[in-house]
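Let's see this in three dimensions:
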Amino acid sequence: MIKKLLRISVRYGTVGGILAFVLLVIMFYLGRHPLITSPFLDFRILLFGIFIFFTLKEFRDYEQDGMLFFSQAMIGGLTVIVIMTTITSILVQTFGTVEKNFVATYIDQVTAYLGSFSKEEIERVGKDAYERNLAALPSTNISKLTITYFVHGMVIGFFVNIILSVILRRQPKT
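Alright, predicted model coming up:
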């Protein structure tokens, strides 16, 4: 059964990873850098939700006769997350290497954002942290952005997976 679960998860994760990358590229060319999005408003929440949901639903309904244990759901969902995030991260790394404006646009937009902070916001964040982040921006490269994107994706996906694993699980009635 695990092989079937992994096969389904890899299929949905691959499609989801490619779709996430396409959305990233569209956002970039529309003028809003995709890596500046707040984690609470990140489109990956929706994508992870959709692809994990359909992975677990297909496995539960067509392979397990309506049964799905929490552990199976977590394995399937985590596989989707790892595949999606890995594929998208590799494609972002490649895109950032080819598209020279990708990192420069990120630096410009984050610099402008940080420059718009009021004195109260700077004090709330901490003047040292604010200055450290501002000083580190020029040394940002595509590898740092890709690693950050991967880590954020794993964290976001993990929490989405827990919620969907609880919702979609069905155990045999004894």
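
Show me the residue sitting in the middle of the chain in space.
Gly153 (2.8 Å; Cα atoms, centre = their mean).

would you say that residue is within a helix?
Yes - under DSSP: H, G, I helix; E, B strand; the rest coil, Gly153 falls within a helix.

Contact partners for it?
44, 81, 84-85, 88-89 (Cβ atoms under 8 Å, 6 or more residues apart in numbering). For glycine as for every other residue, the C-beta is placed from the backbone atoms N, C-alpha and C.

now with 6 Å?
Listed by Cβ atoms under 6 Å, 6 or more residues apart in numbering, the contact partners of Gly153 are 44, 85.

Could you do Leu168 as well?
56, 68, 73.

which of those has the most neighbours?
Each of these was scored by neighbours using other Cβ atoms under 10 Å; the highest score is Leu56's, at 28 neighbours.

That one touches Met74, doesn't it?
No - taking Cβ atoms under 6 Å as the definition, Leu56 is not a contact partner of Met74, at 9.7 Å.

From Gly13, how far off is the nearest residue in space to Ser9 that is not next to it in sequence?
Spatial nearest neighbour of Ser9, chain neighbours left out: Thr79 (3.7 Å); criterion: Cβ to Cβ, 6 or more residues apart in numbering. Distance from Thr79 to Gly13, counting by Cβ to Cβ, to the nearest Å: 6 Å.
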